[in-house]
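Participant: I would like to see how this sequence folds:
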Amino acid sequence: MITALTAKSVYPHRSVCLIKDVGDGVIPCAIPYMIHTIPDPNQNIMGCGPLDKAEIETIIDKAIALNVEEKRIDLASGQSIFYDRLVLATGMMPAMPPVTGIRTPGVFGIEKSLSAMRTLRERCRQAERIVILGGGFIGAEFADEIARGSKAEVHVVEMMPKLLYFAFDDEFCDMIQQSLEEAGVHLHLNQRVVTIDGGEQVRSVTLEDGEKIPADLVIVGVGGKPNVALAAEAGLRITAGGSIWVDDYMRTNAQAIFAVGDCALKRDFFTRKEVPVWLASTATAEARIAGTNIYGIRVLRQIQGTIAAFSTKIGGKAFASAGLTCRGCGQEGFRWVCGRSIAPDRHPGTLPGAMPMHVKLVFADRAGTLLGGQAAGGESVGELINTIAVGIQKQLNVRELDMMQIATHPLLTSAPTVHPLINAAHMALAKLRGQASCP
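Facilitator: So this is what the prediction gives:
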């Protein structure tokens, strides 16, 4: 949708058509909150209003074949569409792990259609024992939503030693886990499901250590894989990680064909390695690049790679991360220094609604370039991480952050004297100067 709207804006005299096979699509990021928080599932519909207003044609049909030589798309209805330029935004397919019994009735993947989510919503509201496979963002958000909105017994099974292991360092993972446990969620870490048991209906899941967890509903939230079947069958280049190969302008190896979003290759901002980071924010940035450059390069190299900027809210507390964690630095061989700070997100901290804000910043050793940041606290964390994300992309250094000028207000922010973003930078700078010990 963003590619279509951007292309129409930049090239208003061009004809733009969007083909999608789901007529009742929903806004993906809000899917977990369709169980209880959103009163009516219809409130999360992703409608075609903006496309209609921009005079962009929408076709509800499934593309089943792509002929690169003839510049033709064949649809399931039998219709064929010819194009001057083509953008593949086919997203990803829910991953279903190779577990015995994964197709048992009562096991649900996460689908992006209103009808599918209505069914899952009703089943969640009826279920008494729910097991969620996967402790990433999807699994944690579903667990929090269900546990706080119903009396169902909720279990999360995660094969890593921590929830959200790749997005946060341990202290933030621990805070997330504590929030879920306080809501009554049972966590099974360093564990895998080996079988899903039941006949006509799921009855339990069995873990690799032999524990059997009773369940009348299983939600699979282990992520997905890029939907590249159409591109692969047409002969487009597919990467080792299973994505459509693209250059810095979102162009595939086929003339006049672009790819954006979850189906397209993602390169890490720091290492340029292929990474499995699929985010709506990254997709929309790619869409604007493709839509702007679709009839000739107008904007040069705006996407230097994904910085993996995340945010979520678990148990009334916001958590966010961008760039490299300390764990990620160690895995990639980066030398780093970090700084931490905690302060109330209002001043004085006795004001109603004030919450402690935890900020951790990661800098390159010696150079002092900002590599990453994590934050936890009130809702302002959601925008604070965007400041950190811009700093990473602009390669700010620790001295610039230490001297940053900011706006503050008692009801809106931490005090300027103890602002945790600046104080975390100041702590890291002290370590770089040898005035404090490194972790």
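
Participant: list the contacts of Ala375.
Facilitator: For Ala375, the contacting residues are 318-321, 357-360, 381, 384-385, 388, 420, by Cβ atoms under 8 Å, 6 or more residues apart in numbering. C-beta coordinates here come from the backbone N, C-alpha and C atoms, glycine included.

Participant: tell me the secondary structure of it, please.
Facilitator: Three-state call for Ala375 (DSSP: H, G, I helix; E, B strand; the rest coil): strand.

Participant: now swap in the one 10 residues further on and tell me
Facilitator: At Ile385 the chain is in helix, as set by three-state DSSP.

Participant: state the pLDDT value of it.
Facilitator: Confidence at Ile385, expressed as pLDDT, is 97.

Participant: gap between it and Lys20?
Facilitator: 31 Å (Cβ to Cβ, to the nearest Å).

Participant: more neighbours, the two?
Facilitator: Ile385 (23 against 18; other Cβ atoms under 10 Å).

Participant: residues in contact with the more buried one?
Facilitator: 309-311, 320-322, 373, 375.

Participant: so what are the domain limits for this protein?
Facilitator: Structural domains annotated on the chain: 2-92+225-293, 107-222, 316-432, as defined by automatic domain parsing.

Participant: lowest-pLDDT helix or strand in this structure?
Facilitator: Counting by mean pLDDT, DSSP states H and E, the chain has its least confident helix or strand at strand 92-94, which shows a mean of 90.

Participant: can you pull out the strands in the stretch 1-150 of the chain?
Facilitator: Secondary structure of the stretch 1-150 of the chain by DSSP state E, counting those that start in this stretch: the strands cover 17-20, 57-60, 63-67, 72-75, 80-82, 86-88, 92-94, 107-108, 129-133.

Participant: out of those, flag the one nearest Ala425.
Facilitator: Among the strands of the stretch 1-150 of the chain, the nearest to Ala425 by Cβ to Cβ is strand 92-94 (36.2 Å).

Participant: mind giving me the packing neighbours of that closest one?
Facilitator: Secondary-structure packing of strand 92-94 (3 or more Cβ pairs under 8 Å, 6 or more residues apart in numbering; DSSP states H and E): strand 224-226.

Participant: next one: the strand it packs on to chain centre, how far?
Facilitator: Relative to its chain's centre, strand 224-226 lies at 13 Å (Cα atoms, centre = their mean, to the nearest Å).

Participant: residues in contact with the helix or strand just after that strand?
Facilitator: Next helix or strand after strand 224-226 toward the C-terminus (DSSP states H and E): helix 229-233. Under the contact criterion Cβ under 8 Å, 6+ apart, helix 229-233 has outside partners 63-66, 88, 90, 238, 244, 252, 259, 263.

Participant: and if you look at stretch 34-54?
Facilitator: 1, 4-5, 8-9, 16, 18, 24-27, 30-31, 33, 58, 114, 117-118, 120-121, 124-125, 142, 145-146, 148-150.

Participant: coming back round to it: going through the contacts of helix 229-233, which ones are buried?
Facilitator: Among the contacts of helix 229-233, the ones that count as buried by 16 or more other Cβ atoms under 10 Å are 63, 66, 88, 90, 238, 244, 252, 259, 263.

Participant: and these, which two are furthest apart?
Facilitator: The widest separation within the buried ones among the contacts of helix 229-233 (Cβ to Cβ) is 16.9 Å, between Ala63 and Ile238.

Participant: centroid residue for this protein?
Facilitator: For the chain, the residue nearest the mean C-alpha position is Leu279 (3.9 Å; Cα atoms, centre = their mean).

Participant: the closest residue to Tyr11 other than its chain neighbours: what's it in contact with?
Facilitator: Closest residue to Tyr11 apart from its sequence neighbours, by Cβ to Cβ, 6 or more residues apart in numbering: Tyr295 at 5.9 Å. Counting by Cβ under 8 Å, 6+ apart, Tyr295 touches 11, 14, 85.

Participant: buried subset of those, written for PyMOL?
Facilitator: Per 16+ other Cβ under 10 Å, the buried members of the contacts of Tyr295 correspond to this PyMOL selection:
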select buried, resi 11+85
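
Participant: in a markdown table, list the contacts of Tyr295 along with pLDDT and distance to Lys53.
Facilitator: Conversion of the contacts of Tyr295 to a markdown table gives the following (pLDDT from 0 to 100; distance: Cβ to Cβ, whole Å):
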| residue | pLDDT | distance to Lys53 |
| --- | --- | --- |
| Tyr11 | 96 | 17 |
| Arg14 | 96 | 16 |
| Arg85 | 98 | 22 |
